[in-house]
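[1] any chance you can model this:
(one chain, ligands or ions: 2)
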Amino acid sequence: MAIEQYVCPSLNKKVCVVLTAYDDEEAIGEAVKEFAIQRNVVKVIVVDNNSKDETPLVAHNAGAEVVKEKNQGYGYACARGLREALYCNDAEIIVLAEGDMTFRGSDLWKLLPFLEDADLVVGSRTHKHFTESDSQMDWFYLWGNMFVANLLSLRFFDWRFLGKTRFSDVGCTMRAITRKGLLNIIDALEVGDNHFSPHMLKVALEKDLHVIEVPITFRKRVGLSKGAGGSKWRGFKIGLRMLFNIIK
Ligand SMILES: Nc1nc2c(ncn2[C@@H]2O[C@H](COP(=O)(O)OP(=O)(O)O)[C@@H](O)[C@H]2O)c(=O)[nH]1
Ligand SMILES: [Mg+2]
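    Residues are numbered from 1 along each chain as shown. Ligands and ions are numbered 1, 2, ... in the order given. Here you go, the predicted structure:
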């Protein structure tokens, strides 16, 4: 076997980034710029989900392509953005994240290399050194996410590796997927609400995509949370819906 220096091909592939946004005018401009500036990012799509503030204008001015999703819900916004990204013919890799500044644009470079061996790479916000102490991930969200994540691993149990893949987080929006992988799952994404994230992972595993999780940085949110991070009661209810979707 010839010994040669390895240059990771995924780091040279074109990337389309999708950011979800709902009344996120405070954060969306910086979020767009932070992702757009990363190497090989050819387009940033912002999915505006009926914002009543200036979110679409701020996103547009920051350089994003803005699409409007009328069906209200985090899952509808994610699925719409992923579908739109497939029209970006240049892009071989599609990255999904949120426009609330919780995710770091430069973390693309943690996700992409794993796409050499996997179809879908999802972030985990459960590692102490990467999850900032003033982020939403307090003990409640950490333990809740880890509990439901273990359930997802068990759903695809295998004796040797304890699951097709081992998850530590189910609510992390930030993920990278190959065009081929996305084409395989897009029509099966049917959850429109806040429990979309583990649903997408479940669908991917059902379709035999290779899924892997990597630790990413999680920062303090800019602006008000409208999702699980809004209150513990809301987080609990969303967690239950995630759980029922996983076992169904
Ligand atoms: N919760 C929620 N989020 C939405 C909706 N539409 C779009 N989003 C976006 O989805 C992401 C997740 O919501 P967020 O408020 O950050 O929830 P959190 O991450 O639990 O605090 C954000 O980028 C929102 O702007 C929606 O109808 N509900
Ligand atoms: Mg968020």
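[2] return the residues of the protein in contact with ligand 2.
    Neighbours of ligand 2 within the chain, by C-beta under 5 Å from the ion: 98, 100, 102. Where you see a C-beta, it was placed from the backbone N, CA and C, and this is true even at glycine.
[3] which of these has the most neighbours?
    For the residues of the chain next to ligand 2, the largest neighbour count, defined by other C-beta atoms under 10 Å, is 27 neighbours, found at residue 100.
[4] part of a helix, is that residue?
    No. The assignment for residue 100 (DSSP: H, G, I helix; E, B strand; the rest coil) gives coil, which keeps it out of a helix.
[5] you'd agree it is up against residue 223?
    Yes. With contact defined as C-beta atoms under 8 Å, residue 100 and residue 223 form a contacting pair (6.1 Å).
[6] right, and ligand 1 sits closest to which residue of the protein?
    residue 227 (2.4 Å; C-beta to the nearest ligand atom).
[7] what is the neighbour count of the residue lying closest to that residue once chain neighbours are set aside?
    Excluding the flanking residues, the one nearest residue 227 by C-beta to C-beta, 6 or more residues apart in numbering is residue 194, at 5.2 Å. For residue 194, the number of neighbouring residues by other C-beta under 10 Å comes to 21.
[8] so residue 194 sits against residue 72, correct?
    No. Residue 194 lies out of contact with residue 72 (C-beta under 8 Å); the separation is 11.0 Å.
[9] quick one, helices of the protein?
    25-36, 55-61, 74-85, 108-111, 139-155, 179-185, 196-206, 232-247 (DSSP state H).
[10] so which of these is nearest residue 68?
    Of all those, it is helix 55-61 that lies closest to residue 68, at 7.2 Å by C-beta to C-beta.
[11] what does this protein have sitting close to ligand 1?
    20-22, 24, 49, 72-74, 77, 98-100, 136, 194, 221, 225-229 (C-beta under 6 Å from any ligand atom).
[12] are any of those buried, and which?
    Among the residues of the chain next to ligand 1, the ones that count as buried by 16 or more other C-beta atoms under 10 Å are 20-22, 24, 49, 73-74, 77, 98-100, 136, 194, 221, 227-229.
[13] and residue 104, what does it touch?
    34, 216-217, 219 (C-beta atoms under 8 Å, 6 or more residues apart in numbering).
[14] let's see 6 Å
    By C-beta atoms under 6 Å, 6 or more residues apart in numbering, residue 104 lies in contact with residue 217.
[15] any idea how far ligand 2 is from it?
    13 Å (C-beta to the ion, to the nearest Å).
[16] phi, psi of that residue?
    When read as degrees, to the nearest 10, the backbone of residue 104 gives phi -100, psi 130.
[17] tabulate the CA atom coordinates of stretch 99-118 in PDB.
    The C-alpha atoms that make up stretch 99-118 are tabulated as PDB, following Å, rounded to 0.1, in the frame of the first residue of the first chain:
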ATOM      1  CA  GLY A  99     -29.900  31.700  13.500                       C
ATOM      2  CA  ASP A 100     -29.700  32.500  17.200                       C
ATOM      3  CA  MET A 101     -25.900  32.600  17.600                       C
ATOM      4  CA  THR A 102     -25.800  29.500  19.800                       C
ATOM      5  CA  PHE A 103     -23.800  27.600  17.100                       C
ATOM      6  CA  ARG A 104     -20.400  28.600  15.900                       C
ATOM      7  CA  GLY A 105     -19.700  28.900  12.200                       C
ATOM      8  CA  SER A 106     -16.200  27.600  12.500                       C
ATOM      9  CA  ASP A 107     -17.500  24.300  13.900                       C
ATOM     10  CA  LEU A 108     -18.300  23.400  10.400                       C
ATOM     11  CA  TRP A 109     -14.700  22.100  10.400                       C
ATOM     12  CA  LYS A 110     -15.400  19.700  13.100                       C
ATOM     13  CA  LEU A 111     -18.400  18.200  11.300                       C
ATOM     14  CA  LEU A 112     -17.200  18.000   7.700                       C
ATOM     15  CA  PRO A 113     -14.300  15.600   7.900                       C
ATOM     16  CA  PHE A 114     -16.500  12.800   9.300                       C
ATOM     17  CA  LEU A 115     -18.600  13.000   6.100                       C
ATOM     18  CA  GLU A 116     -15.900  10.900   4.500                       C
ATOM     19  CA  ASP A 117     -17.200   7.900   6.400                       C
ATOM     20  CA  ALA A 118     -20.700   9.000   7.400                       C
END
